[in-house]
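[1] sequence first, predicted model second:
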Amino acid sequence: MTIAVDVTVRRGDFSLTAAFETRSGITALFGENGSGKSTLLHAIAGLVAPTDGHIAISDHVVFDRTRGIAVPPEARRVGLVFQDLRLFPHLDVGENLRYGYRGRARDRIQPSAVVEALELGALVARRPAELSGGERQRVALGRAILAMPDLLLMDEPLASVDVALRKQILPYLRWVHESLGVEVLYVSHSLAEILELTDEIVVLANGELCGHGEVFDVLGRTPHATVALSTESSVRVEVEWPDEEGDHVRARIGDQVVVLPFRPVSTGTVARVVVGPEDVMIARAKLTGVSARNQLEGVVERVSDLHGRLLAHVRVGEDAVLRAELTRGAVAELGVEVGARVTCVVKTSAFRWM
């Protein structure tokens with residue numbers, strides 16, 4: 001099933017123009033604040049009427065200005081998980097989950113499976129007011145899944161969920177698509193989430209489409225999106241050998257050796273690892289007497305200011321750039337500027353396999 005969008009939406013002084021068609025799968029929707037992500041989701045859901053254009057979910061046209069088609073939201077078979085959650089305050093968790101659970105959903109999925117996957121068992125008798133933000137987020141997600149929509153629109157659904165549970169939920173979301181046939185349009189600012197979960201990406205900037213296609217292809221053509229995506233660094237590694245006794249994997253980034261957390265992989269395996277900018281330390285030369293096992297030499301390509309965060313972009317391989325978060329004082333003191341040769345110091349435990 002595909003999502004075909006070609007719309008113009010005007011809301012006050014803001015205007016959104018976007019045209020794309022997704023393949024069957026899970027599609028990431030990325031854009032910085034004010035880029036038009038929420039407006040686009042609202043238009044697809046039927047909560048906002050486009051000024052012009054066409055929207056189709058599979059072969060079902062839900063909006064066409066020229067033909068006078070505007071299917072109401074409740075008839076679009078679209079599930080919503082927005083940041084404001086929208087749980088029913090007068091219903092307990094169990095009742096919220098079962099709201100909309102009818103028809104074909106009863107033949108395809110059981111509430112108990114969702115409760116287990118999202119760790120909601122201890123919460124089913126509670127009201128939304130008694131839940132934390134992360135707990136309410138999981139309930140909203142479970143309710144949307146149990147309604148068995150054709151399309152699930154998710155606006156940063158894991159933003160309030162802790163890291164450990166997030167790692168459990170992401171594979172479950174892929175199962176929802178692969179086993180239940182639910183298409184997903186997924187808003188996230190996390191590069192790790194996007195790389196693990198999605199098949200393609202739509203990038204918006206200032207109300208316009210600036211990228212659409214396979215994730216790595218689009219990020220390669222859209223540098224500002226790569227920077228803004230949680231500022232994490234995703235780099236390609238080739239495994240030299242796994243050391244089971246030493247609990248690590250020795251690999252290479254280009255011609256430099258990197259020591260990674262252990263994972264059962266074979267020599268020659270090519271994979272990707274991710275590291276956050278807060279876990280990359282910059283030095284002007286290699287250090288001695290430190291516990292961090294990775295010291296990758298590179299050249300500063302640029303220093304960017306992203307919402308007050310200074311990020312040094314250091315090329316450590318032909319297709320590998322690490323980003324490090326620095327204070328303004330550190331940038332000045334270390335002389336971190338374009339062309340400077342530096343060393344990126346990273347603990348083994350800071351890398352995450354994709």
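    Sure, I can see it.

[2] what is the least confident helix or strand in the protein?
    Between all helices and strands in the chain, the lowest mean by mean pLDDT, DSSP states H and E belongs to helix 223-228, at a mean of 60.

[3] so after that one, what's the next helix or strand?
    strand 233-243 (DSSP states H and E).

[4] what average pLDDT does that next one get?
    The average pLDDT for strand 233-243 rounds to 88.

[5] now stretch 273-288
    91.

[6] repeat for stretch 189-209
    Here stretch 189-209 scores 85 as its mean pLDDT.

[7] again with stretch 298-305
    For stretch 298-305, the per-residue pLDDT averages 91.

[8] also stretch 11-28?
    93.

[9] quick check: buried residues in it?
    L16, T17, A18, F20, T22, G25, I26, T27, A28 (16 or more other Cβ atoms under 10 Å). Any C-beta I mention is one placed from the backbone N, CA and C, and that applies to glycine too.

[10] is E196 located within a helix, as I assumed?
    Yes: if the criterion is DSSP: H, G, I helix; E, B strand; the rest coil, then E196 is within a helix.

[11] quick check: it touching M354?
    Yes: the pair E196 / M354 is scored as a contact, 6.1 Å apart, by Cβ atoms under 8 Å.

[12] which of these two has more neighbours?
    E196 (19 against 13; other Cβ atoms under 10 Å).

[13] the closest residue to that one other than its chain neighbours and D59, how far apart?
    In this structure, E196 finds its nearest non-sequential neighbour in L170, 5.5 Å apart by Cβ to Cβ, 6 or more residues apart in numbering. L170 sits at a distance of 29 Å from D59 (criterion: Cβ to Cβ, to the nearest Å).

[14] show me which of these two is the more surrounded one.
    Using other Cβ under 10 Å as the criterion, L170 and D59 rank with L170 on top: 16 against 8.

[15] phi first, then psi, for that one.
    The phi/psi pair for L170 (degrees, to the nearest 10) reads phi -60, psi -50.

[16] look up phi and psi at the closest residue to A350 other than its chain neighbours.
    Leaving out its chain neighbours, the residue that sits closest to A350 by Cβ to Cβ, 6+ apart is D279, at 3.7 Å. The phi/psi pair for D279 (degrees, to the nearest 10) reads phi -100, psi 10.

[17] equivalent analysis for E119, please.
    Taking degrees, to the nearest 10, you get phi 50, psi 60 for the backbone angles of E119.

[18] for the longest strand belonging to the chain, name the packing helices and strands.
    Determined from DSSP state E, the single longest strand within the chain is strand 294-306. Counting contacts by 3 or more Cβ pairs under 8 Å, 6 or more residues apart in numbering; DSSP states H and E, strand 294-306 is packed against helix 223-228, strand 256-261, strand 309-317, strand 320-326, strand 341-346.

[19] rebuild the ones you listed as JSON lines, extending it with distance to R143 and mean neighbour count.
    Converted to JSON lines, those look like this (distance: least, Cβ to Cβ, whole Å; neighbours: other Cβ atoms under 10 Å):
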{"stretch": "helix 223-228", "distance to R143": "30", "mean neighbour count": "18"}
{"stretch": "strand 256-261", "distance to R143": "35", "mean neighbour count": "18"}
{"stretch": "strand 309-317", "distance to R143": "35", "mean neighbour count": "20"}
{"stretch": "strand 320-326", "distance to R143": "37", "mean neighbour count": "21"}
{"stretch": "strand 341-346", "distance to R143": "40", "mean neighbour count": "20"}
